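Student: Dropping a prediction and its sequence here:
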Amino acid sequence: MKPHATNTLLEVRDLEVSFQGIKTITALSGISFSIGESETLALVGETGCGKSVVAHAIMRLLPPESGVKGTVEFGGKSLLELREKEMAEIRGKEIGIIFQNPSLALNPVYSIGHQLAEPLRVNRKEKKEKALSMVVGALKNMGFANAAEYTRYYPSWCSGGMNQRFLIAASTMLDPVLLIADEPGKGLDRKCISELEAELKKLKVEKKTALLLISHDLGFVQRLADRVAVMYAGEIIELAESSSFFERPLHPYSKGLLNSLPEKGFIPIPGFSPPLGNPPSGCKFHPRCPLREKSCTENHPELKEIGERAVRCFLYP
Ligand SMILES: Nc1ncnc2c1ncn2[C@@H]1O[C@H](COP(=O)(O)OP(=O)(O)OP(=O)(O)O)[C@@H](O)[C@H]1O
Ligand code: SF4
Ligand SMILES: [Mg+2]
């Protein structure tokens, strides 16, 4: 297996995102990856490394003043070049997204049923009653026994975890070919996480949905992902098939990430991620890397293909 997907559905090439402030900061640079039909690619990395910015850039949901370069091809369309109307049709219908912060994605003044039925009415032109019964069906699928009652609830009556599950149900109802799930397990208890896991597996097997899974939970990633892309300070530093990644990570940061898992002894990576506005010279990981050499502080490594994976580190020439 190559670091690229076969039957490519989504291809991101050289994505770069910058934000204007007092100073311009580069949040992402040289991000390239692909996702194949019905494939699950996980994006992992410490907080602030740019995972959500990748998701928002693909969906064109970044603030208008942000600078976005590169290409995002999806089903033969160049997403960054589409008119907003065309992009709006792709959002939700062909690419579903589960946002990291469920409370921001739900409108507090409408009932759950009303909000979840809306995309079915707009995109599928379903009648109100049919759309509502589809919502009830989707909530039942998610394990809500009294689903019909929940459609009358408002977001503020429900816990963050419940709202997250409502949004997951909503994002899958239109049968998107690609689902972007940004920390879908956040706020869910262990039982809900295993239900969510089963739901995502079902989507893959039964509906052939491809998934871009963003998660801090490496156990969840290991159980769901076909391939894993590790991000550090706005760059991909390793991309590999999931089984070989968890068996033998190559990049020193990936090794540190896996060693920080409780089952591996909870050894944290010393130091902190660099500030985006002031990254270190050379390899961005060098201040924290136990294997750095002088050249690592001066030269910036490229992401290179090594057999079936890609690694950004001079240890792998
Ligand atoms: N609209 C914005 N304007 C300015 N900076 C932003 C904006 N959105 C994100 N950033 C910055 O980009 C960087 C990457 O943020 P991002 O939210 O993608 O991180 P993340 O990897 O998703 O982290 P977490 O795991 O905590 O969700 C952060 O430093 C963040 O402050
Ligand atoms: S390039 Fe050098 S500093 Fe960077 S991860 Fe590799 S060994 Fe460490
Ligand atoms: Mg995030």
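Tutor: Yes, it's here. Numbers count the residues shown, from 1 in each chain. Ligands and ions are numbered 1, 2, ... in the order given.

Student: contacts and neighbour counts: CA atoms only from here.
Tutor: OK.

Student: part of a strand, is Ser194?
Tutor: No: counting by DSSP: H, G, I helix; E, B strand; the rest coil, Ser194 is not found in a strand; it is helix.

Student: Distance of it relative to ligand 1?
Tutor: As for Ser194, its distance to ligand 1 is 21 Å (criterion: Cα to the nearest ligand atom, to the nearest Å).

Student: How about the backbone phi and psi for the residue nearest the centre of the chain?
Tutor: Taking Cα atoms, centre = their mean, the centroid of the chain lies closest to Ile214, which sits 3.3 Å from it. The phi/psi pair for Ile214 (degrees, to the nearest 10) reads phi -110, psi 120.

Student: how close does it sit to Thr24?
Tutor: In this view, Ile214 and Thr24 are 26 Å apart by Cα to Cα, to the nearest Å.

Student: Flag every residue of the protein that's near ligand 1.
Tutor: 19, 27, 46-53, 63 (Cα under 6 Å from any ligand atom).

Student: close enough to count as contact, Lys255 and Phe245?
Tutor: No: if you go by Cα atoms under 8 Å, Lys255 and Phe245 don't touch, sitting 9.4 Å apart.

Student: Those two: who's more crowded?
Tutor: Phe245 (22 against 15; other Cα atoms under 10 Å).

Student: Roughly how far does the more buried one sit from Ser32?
Tutor: Phe245 is 18 Å from Ser32, by Cα to Cα.

Student: What of Ile58?
Tutor: On the measure of Cα to Cα, Ile58 and Ser32 end up 12 Å apart.

Student: and what of Pro119?
Tutor: In terms of Cα to Cα, Pro119 sits 31 Å off from Ser32.

Student: quick one: contacts of the worst-scoring helix or strand of the chain on mean pLDDT?
Tutor: Counting by mean pLDDT, DSSP states H and E, the chain has its least confident helix or strand at helix 102-105, which shows a mean of 75. Residues outside helix 102-105 that contact it (Cα atoms under 8 Å, 6 or more residues apart in numbering): 99, 155, 160, 163-164, 167.

Student: Ok, stretch 59-68 next?
Tutor: Under Cα under 8 Å, 6+ apart, the answer for stretch 59-68 is 15-20, 53, 56-57, 79-80, 87, 91.

Student: how does it look with 7 Å?
Tutor: 16-20, 56, 91 (Cα atoms under 7 Å, 6 or more residues apart in numbering).

Student: same for ligand 2: which of the residues you listed are within range?
Tutor: Among the contacts of stretch 59-68, ligand 2 is touched by none when using Cα under 6 Å from any ligand atom.

Student: can you give me phi and psi for the closest residue to ligand 1 within the stretch 151-300 of the chain?
Tutor: Closest to ligand 1 within the stretch 151-300 of the chain is Leu276: 6.1 Å, counting by Cα to the nearest ligand atom. Backbone torsions of Leu276, given as degrees, to the nearest 10, read phi -60, psi -30.

Student: if I pick it, what's in contact with it?
Tutor: Leu276 touches 25-27, 233, counting by Cα under 7 Å, 6+ apart.

Student: possible to save these as a markdown table with pLDDT, secondary structure and distance to Cys283?
Tutor: Below are those laid out as a markdown table (pLDDT from 0 to 100; DSSP: H, G, I helix; E, B strand; the rest coil; distance: Cα to Cα, whole Å):
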| residue | pLDDT | secondary structure | distance to Cys283 |
| --- | --- | --- | --- |
| Ile25 | 93 | strand | 17 |
| Thr26 | 96 | strand | 15 |
| Ala27 | 97 | strand | 16 |
| Ala233 | 97 | coil | 10 |
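
Student: Among these, which pair sits farthest apart?
Tutor: Using Cα to Cα, the pair of those lying farthest apart is Ile25 and Ala233, separated by 11.5 Å.
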